[in-house]
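>>> this is a predicted model, with the sequence first.
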Amino acid sequence: MSHAINFFVSSSSRSPSNFTISRPSVFVSTGSLRLPVNKSLRTLVVKASTSDLDEWQTSKVLVTDNGSGGVLSSVTQEYGSNNVASIEVDTVTESELKENGFRSTRRTKLICTIGPATCGFEQLEALAVEGMNVARINMCHGTREWHQMVIERVRRLNEEKGFAVAIMMDTEGSEIHMGDLGGASSAKAEDGEIWNFTVRAFDPPLPERTITVNYDGFAEDVKVGDDLLVDGGMVRFEVIEKIGPDVKCLCTDPGLLLPRANLTFWRDGKLVRERNAMLPTISSKDWLDIDFGIAEGVDFIAVSFVKSAEVIKHLKSYIKARARDGDIAVIAKIESIDSLRNLEEIIQASDGAMVARGDLGAQIPLEQVPSEQQKIVQLCRQLNRPVIVASQLLESMIEYPIPTRAEVADVSEAVRQRGDALMLSGESAMGQFPEKALTVLRNVSLRIERRWREQKRHEVIELPSIASSFSDSISEEICNSAAKMANNLEVDALFVYTKNGHMASLLSRCRPDCPIFAFTTATSVRRRLNLQWGLMPFRLNYSDDMESNLNKTFSLLKARGMIKSGDLIIAVSDMLQSIQVMNVP
Ligand SMILES: Nc1ncnc2c1ncn2[C@@H]1O[C@H](COP(=O)(O)OP(=O)(O)O)[C@@H](O)[C@H]1O
Ligand SMILES: C=C(OP(=O)(O)O)C(=O)O
Ligand SMILES: [K+]
Ligand SMILES: [Mg+2]
């Protein structure tokens with residue numbers, strides 16, 4: 001039997017119309033020792049009646065066939081006469097929780113780009129075991145059949161082994177890049193050599209020292225004297241002669257050319273981008289890839305070289321009309337000067353952002369990248385959009401089994417900034433030590449997160465109100481308060497019952513000290529929550545009766561050894577818009 005303080009707020013009057021207190025219980029914190037006082041449940045219910053809630057009543061159970069069933073990790077129990085209850089959580093979260101307890105679970109999420117080094121089933125499994133939350137496939141590379149095989153393997157991994165790895169598809173975009181070197185894995189350009197960059201098509205093998213360029217306007221746009229930079233300067237050429245479709249270039253900084261490497265050209269020390277700025281953000285090939293992603297039911301589509309919010313809005317409405325659940329999240333990659341110019345509106349329009357430092361660093365001075373990263377991470381937090389810090393985090397681990405100290409410092413800084421996720425690119429796609437690289441990310445994340453909590457450095461970052469309706473404001477206030485209470489009372493975990501993940505993201509935004517158990521009815525929502533800081537997503541069927549939901553959750557989690565009697569939790573829900581403080585019975 002629960003005892004509650006209830007505040008019922010009618011959304012039309014904006015004033016409390018009903019106020020009852022019925023002998024609440026309270027838990028007090030005395031340093032590190034917490035003592036239960038009186039009864040076991042304290043509830044603050046702020047109820048707003050909205051159509052959202054009505055929708056809830058009719059869609060209590062939402063199950064998709066889209067991916068993970070988490071079969072091995074689900075526990076089933078009888079509830080009532082014919083109501084079978086089960087809870088699904090990924091095996092890694094479960095064992096982390098059991099081994100290390102609430103506090104030491106990892107809050108920063110990890111993304112691995114899948115490539116030739118990691119596309120085998122066992123290799124994917126090894127990454128999942130090491131903590132990969134999201135597998136990224138980069139449509140710049142590989143064939144559609146290859147990508148389909150990777151998706152199929154990740155799905156099978158989820159189904160057979162109880163993981164909940166989400167899939168992110170990253171578009172190629174239409175910036176200028178080299179062709180695929182006629183099948184060679186790399187080519188060495190030496191100082192003083194003359195190379196031919198051409199828009200002509202060749203059947204492999206390519207003539208010697210020839211590079212094809214994907215952009216038809218290339219030969220027209222470059223001028224003699226321009227600097228041509230491969231991958232932001234890994235190799236540098238100077239344009240010395242233009243002959244029809246061919247551009248003869250002198251190698252001035254030697255280095256390794258990799259297939260499909262990005263090309264930028266510079267004139268008088270400035271990036272030339274007038275013409276390529278006219279290229280579409282989503283090319284015709286990208287649209288085909290997006291159709292493929294929708295058909296495969298990927299969880300995220302990351303859009304390369306976003307220039308404005310318009311393209312994101314366009315893609316989102318396209319997905320909404322076509323996708324089975326209409327719920328593929330769109331991530332804006334911030335990697336161009338234009339995306340920095342329109343940053344706020346792009347992030348507003350998107351479901352998340354990526355600080356794509358690889359190409360960003362080829363477009364703006366390198367020394368400007370760290371401050372842009374910090375700005376983007378902070379803005380995403382304010383606007384409540386998950387943010388990924390990507391590229392060259394552990395670049396040296398493509399070749400070496402340990403990272404440089406500077407790389408570890410860079411990863412630490414991204415964790416300290418409280419980005420939602422870190423991403424591996426070449427390290428996991430084609431490096432020699434993909435699992436070791438992931439372990440480094442995991443260990444650094446755990447260490448920095450713990451240090452941050454120990455120092456009790458609740459950062460004073462201003463979280464502006466972002467709600468667009470009164471009901472949203474209530475959710476936001478509830479989450480802000482619940483997170484604050486969770487820190488002050490030093491609770492073990494926050495529980496959030498969230499239909500579409502919004503309440504969970506609002507809690508994550510507060511970056512509380514304790515982990516957030518997010519219970520959702522949809523498998524697809526559960527996978528998407530994998531990208532957000534501090535969230536442990538569970539799939540669970542539940543009703544609109546919070547007391548029964550809580551009891552059900554407690555018994556299921558206790559049966560799994562994931563919580564125990566006496567643990568102190570705060571529960572919030574988007575059905576009741578409530579905060580409840582209680583200890584596990
Ligand atoms: N599907 C793939 N097939 C072959 N190689 C890949 C694939 N995905 C990634 N790679 C390799 O890993 C490198 C790093 O991946 P990523 O950062 O995603 O691409 P890029 O360097 O082109 O931006 C690529 O340059 C490429 O050599
Ligand atoms: C993540 C990035 O994009 P891609 O790897 O697709 O070039 C980047 O440029 O940093
Ligand atoms: K890409
Ligand atoms: Mg890029």
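Sure thing, it's come through. Numbers count the residues shown, from 1 in each chain. Ligands and ions are numbered 1, 2, ... in the order given.

>>> now stretch 107-124: mean pLDDT?
Mean pLDDT, stretch 107-124: 98.

>>> now swap in stretch 299-317 and tell me
97.

>>> just the pLDDT for the closest residue to ligand 2 within the chain.
Ranked by Cβ to the nearest ligand atom, the top residue of the chain for proximity to ligand 2 is G358, at 2.8 Å. The way it works is simple: take the backbone N, C-alpha and C, and place the C-beta from them, glycine included. G358 carries a pLDDT value of 95.

>>> next up, the contacts around it.
For G358, the contact set (Cβ atoms under 8 Å, 6 or more residues apart in numbering) comprises 231-232, 262, 335, 390-392, 425.

>>> same thing but at 7 Å, please
Applying Cβ atoms under 7 Å, 6 or more residues apart in numbering to G358 gives the contacts 391-392.

>>> is it fair to say it lies in a strand?
No - counting by DSSP: H, G, I helix; E, B strand; the rest coil, one finds G358 to be helix, located in no strand.

>>> distance of it from I334?
11 Å (Cβ to Cβ, to the nearest Å).

>>> burial of V134, as a residue count?
Look at V134: counted by other Cβ atoms under 10 Å, it has 23 neighbours.

>>> for R324, same thing?
Neighbourhood size, R324 [other Cβ under 10 Å]: 13.

>>> now swap in E547 and tell me
When neighbours are counted by other Cβ under 10 Å, E547 registers 15.

>>> still on that earlier bit, for L258, see how far away the residue of the chain closest to ligand 2 is.
For G358, the distance to L258 - Cβ to Cβ - is 12 Å.

>>> again, but for S317
36 Å.

>>> for the residue nearest to D299 when sequence neighbours are not counted, grab phi and psi.
Once flanking residues are discounted, D299 sits nearest to A166: 4.0 Å by Cβ to Cβ, 6 or more residues apart in numbering. In terms of degrees, to the nearest 10, the main-chain angles of A166 are phi -90, psi 160.

>>> touching, A166 and R526? I think so.
No - look at A166 against R526 with Cβ atoms under 7 Å: they stay out of range, at 9.0 Å.

>>> where does T264 land in three-state SS?
State at T264, reduced to three classes by three-state DSSP: strand.

>>> state the number of residues packed around it.
The number of residues near T264, taken as other Cβ under 10 Å, comes to 21.

>>> A295 now?
Residues lying near A295 (other Cβ under 10 Å) number 12.

>>> return the list of helices and strands in contact with the helix or strand harbouring it.
In the assignment (DSSP states H and E), A295 maps to helix 284-296. Counting contacts by 3 or more Cβ pairs under 7 Å, 6 or more residues apart in numbering; DSSP states H and E, helix 284-296 packs against helix 144-161.

>>> elements contacting the helix or strand following the helix it packs on?
Using DSSP H and E, the next helix or strand after helix 144-161 towards the C-terminus is strand 166-170. The helices and strands touching strand 166-170, judged by 3+ Cβ pairs under 7 Å, 6+ apart, are strand 134-138, strand 300-303.

>>> in the chain, what residue comes closest to ligand 4?
The minimum distance from the chain to ligand 4, using Cβ to the ion, falls at D359 (3.6 Å).

>>> that residue and E335 touch, don't they?
Yes - the pair D359 and E335 passes the contact test of Cβ under 7 Å, sitting 3.9 Å apart.

>>> neighbour-wise, which of the two wins?
The residue with more neighbours, out of D359 and E335, is E335; 27 against 23, by other Cβ under 10 Å.

>>> now do the end-to-end distance for stretch 94-112.
21 Å (Cα to Cα, to the nearest Å).

>>> quickly check: that stretch near ligand 2 or not.
No - using Cβ under 6 Å from any ligand atom, stretch 94-112 stays clear of ligand 2, coming no nearer than 10.0 Å.

>>> got the contact list for that stretch?
Against stretch 94-112 from outside (Cβ under 7 Å, 6+ apart): 73, 118, 127, 131-136, 168, 388, 415, 420-424, 428, 434, 438, 441-442, 445-446, 449-450, 492-493, 514-515, 530-534, 536, 560-562.

>>> distance check, the residue of the stretch 151-300 of the chain found nearest ligand 3 against T404.
Residue nearest to ligand 3 within the stretch 151-300 of the chain: D170 (4.2 Å; Cβ to the ion). Distance, D170 to T404, by Cβ to Cβ: 26 Å.

>>> show me what from the stretch 351-500 of the chain comes close to ligand 4.
Proximity of the stretch 351-500 of the chain to ligand 4 (Cβ under 5 Å from the ion) is limited to residues 356, 358-359.

>>> present the residues you listed as a markdown table; the columns should include distance to ligand 1.
Formatted as a markdown table, these follow (distance: Cβ to the nearest ligand atom, whole Å):
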| residue | distance to ligand 1 |
| --- | --- |
| A356 | 8 |
| G358 | 6 |
| D359 | 7 |
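
>>> related to what we said a few turns ago, as JSON lines, the helices and strands packed on strand 166-170 with distance to ligand 1 would be great.
As requested, the helices and strands packed on strand 166-170 are exported to JSON lines (distance: least, Cβ to the nearest ligand atom, whole Å):
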{"stretch": "strand 134-138", "distance to ligand 1": "4"}
{"stretch": "strand 300-303", "distance to ligand 1": "10"}
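
>>> contacting residues around the residue of the chain closest to ligand 4?
262, 335-336.

>>> where in the protein is pLDDT low?
Applying pLDDT under 70 to the chain flags residues 1-85, 100, 103, 274-276, 325-326, 457-461.

>>> and the strands in the stretch 301-450 of the chain?
Secondary structure of the stretch 301-450 of the chain (DSSP state E, counting those that start in this stretch): strands at 329-334, 352-356, 387-390, 421-424.

>>> ugh, typo on my part, it should be the stretch 51-200 of the chain
Ranges of strands in the stretch 51-200 of the chain, per DSSP E, counting those that start in this stretch, are 75-79, 83-88, 109-113, 134-138, 166-170, 187-189, 194-198.

>>> I'd like the ones you listed as a markdown table, with distance to ligand 4 appended.
Formatted as a markdown table, the strands of the stretch 51-200 of the chain follow (distance: least, Cβ to the ion, whole Å):
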| stretch | distance to ligand 4 |
| --- | --- |
| strand 75-79 | 42 |
| strand 83-88 | 34 |
| strand 109-113 | 11 |
| strand 134-138 | 9 |
| strand 166-170 | 8 |
| strand 187-189 | 21 |
| strand 194-198 | 20 |
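
>>> out of those, which gets nearest to P254?
Proximity to P254 (Cβ to Cβ) singles out strand 187-189 among the strands of the stretch 51-200 of the chain, at 5.6 Å.

>>> around ligand 1, pick out the residues from the chain.
Contact residues, the chain versus ligand 1 (Cβ under 6 Å from any ligand atom): 113, 115-116, 138, 140-142, 146, 258, 260, 358, 425-426, 429-430.

>>> how about 5 Å then?
Residues of the chain lying close to ligand 1 (Cβ under 5 Å from any ligand atom) are 113, 115, 138, 140-142, 425-426, 429-430.

>>> from those residues, which ones fall inside helices?
Secondary structure from DSSP state H places 426, 429 of the residues of the chain next to ligand 1 in helices.

>>> give me the subset of the residues of the chain next to ligand 1 touching ligand 2.
Applying Cβ under 5 Å from any ligand atom to those, none is adjacent to ligand 2.

>>> can you select the buried ones from the residues of the chain next to ligand 1 in PyMOL?
Buried residues within the residues of the chain next to ligand 1, by 16 or more other Cβ atoms under 10 Å, are selected in PyMOL with:
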select buried, resi 113+115+138+140+141+142+425+426+429+430
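
>>> any chance of JSON lines for the residues of the chain next to ligand 1, columns distance to A329?
Output for the residues of the chain next to ligand 1, formatted as JSON lines (distance: Cβ to Cβ, whole Å):
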{"residue": "T113", "distance to A329": "18"}
{"residue": "G115", "distance to A329": "23"}
{"residue": "N138", "distance to A329": "17"}
{"residue": "C140", "distance to A329": "20"}
{"residue": "H141", "distance to A329": "22"}
{"residue": "G142", "distance to A329": "22"}
{"residue": "S425", "distance to A329": "20"}
{"residue": "G426", "distance to A329": "24"}
{"residue": "A429", "distance to A329": "22"}
{"residue": "M430", "distance to A329": "26"}
